[in-house]
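1. Kindly generate the corresponding structure for this input.
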Amino acid sequence: MASLWTFIAIGAVIYLFWLNRKVAEAANEHAKRQTAQLQVQLMSVACTKRRFGILKNGKPGIKSEFMFEFSSDGENAYQGILIMENELLKSVVVPPHKI
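-> Next up, the predicted model:
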């Protein structure tokens, strides 16, 4: 019986790691798409908040916030924010920047 619980625990850790990577890859794609729309250069993407909880659709999932840095002129860097639920982009906050 103890080995069954060990397998369940290991499986849960593997699943959460896989889901975490899936969300991070989706955030990277959303940041690339956003910077292409703004016609700026993407510099980096980093997770600033992550928590497990019940999403607005009633299912369990990951609520996360990613910061992406971009540059419009090659000298100044600006930080935008992607707010996501699992792989779905809920909102984007882009600061004023030079064009």
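
2. need the contact list for residue 72.
-> 38, 40, 41, 78, 97, 98, 99 (Cβ atoms under 8 Å, 6 or more residues apart in numbering). The C-beta positions use only the backbone N, C-alpha and C, and glycine is treated the same way.

3. The third one touches residue 74, doesn't it?
-> Pointing back at residue 41 there. Yes: the criterion here is Cβ atoms under 8 Å, and residue 41 meets it with residue 74 at 7.3 Å.

4. Can you show me the helices along this protein?
-> For the chain, the helices defined by DSSP state H occupy 2-38.

5. in the longest strand belonging to it, what's buried?
-> Ranked by number of residues, the top strand in the chain under DSSP state E is strand 41-54. Buried residues in strand 41-54, counted by 16 or more other Cβ atoms under 10 Å: 42, 45.

6. quick one: contacts of it?
-> If you take Cβ under 8 Å, 6+ apart as the criterion, strand 41-54 is touched by 20, 23-24, 27-28, 31-32, 35, 60-72, 74, 77, 81.

7. now that strand and helix 2-38, what's the angle there?
-> Put simply, strand 41-54 runs at 140 degrees to helix 2-38, going by axes from the mean of the first three to the mean of the last three Cα atoms, to 10 degrees.
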